[in-house]
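[1] turn this into a structure:
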Amino acid sequence: CATWITQSYVCPDIQSTNAVDLLKETLFAVKTCEKFHEIRLPIINQTWASAAKNIQYFSEVADSRYQTTKLPEVDGNSEVGHCKKTEGIIQYFHKNAMNKGWKWLVIVDDDTLLSVRKLLDLTKCYSSQDPIILGQRYGYFVSEEEGHDEGYDFLAGGGGMVFSFEVVRKMVEGKDMYGRSHCTCPGPEYADDMYFSGLCIKNLGLS
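    A predicted model of the protein is given here:
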């Protein structure tokens, strides 16, 4: 393994928001489950958590030792997919963002390691008033052939997904012509990254 120093990415049209304000305006939501509390959460606390002003751990149980939060949408832990847990986090952010002054939601797994400073440097390049999602882009059933419109782009949840306030608002408040939500989790076993950063966004008419 080789490491070396490179210049941090600087966007061409950086916003005026400073790093201190961005820290206050960003909620870092860590998805976890009871069996990993003792194994993984201490590593986050020993590494990047200290750089994140607003960090919360969301699990299927409330554990006072690790200050985990159980959301009402979460009923047990799903071994495959975490759709209900992510939906609960999105709903929680939407409910509290105005009072807390949050403008960005960062959803990560409990084995994700990141640089808070570099992530904020990237976030500065965008406005939370635009429907923006940042992350590692993948595609599902994407084809250039005529008549193939089932596919969609999505973000890989393992590397972390960054949602602006505006895109969260559209995800929670957006309705179809029948008054149904475009972004209601079909079931706890669905892949949360593919659904919320992919199919949900496609249904909202966003890219």
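[2] what stretches of the chain score poorly on pLDDT?
    Low-confidence segments of the chain (pLDDT under 70): 1, 8-10, 12-17, 76-81, 143-149, 177.
[3] what residue is smack in the middle of it?
    For the chain, the residue whose C-alpha lies nearest the mean C-alpha position (CA atoms, centre = their mean) is Ile107; its distance is 2.9 Å.
[4] and that residue, which of the three is it?
    strand (DSSP: H, G, I helix; E, B strand; the rest coil).
[5] didn't it look like it was pressed against Ala156?
    No. If you go by CB atoms under 8 Å, Ile107 and Ala156 don't touch, sitting 11.8 Å apart. In this view, the C-beta of every residue, glycine as well, is placed from N, C-alpha and C.
[6] now Phe28: phi and psi?
    The main-chain torsion angles of Phe28 are listed as degrees, to the nearest 10 and equal phi -100, psi 110.
[7] thought it was touching Trp102?
    No. Distance between Phe28 and Trp102: 10.4 Å, which falls outside the contact criterion (CB under 8 Å).
[8] buried residues in the helix ranked longest in the chain?
    Identified as the longest helix of the chain according to DSSP state H is helix 83-100. Neighbour counts over helix 83-100 (16 or more other CB atoms under 10 Å) mark 83-94, 97 as buried.
[9] pull the number of nearby residues for Val74.
    Counted with other CB atoms under 10 Å, residues neighbouring Val74 total 23.
[10] next, it: secondary structure please.
    On the three-state scheme (three-state DSSP), Val74 is labelled coil.
[11] elements contacting the helix or strand containing Lys118?
    Remark: Lys118 resides in helix 116-123, with elements defined by DSSP states H and E. Under the contact definition 3 or more CB pairs under 8 Å, 6 or more residues apart in numbering; DSSP states H and E, helix 116-123 sits against helix 19-25, strand 26-31.
[12] that's all I had, so thanks and see you.
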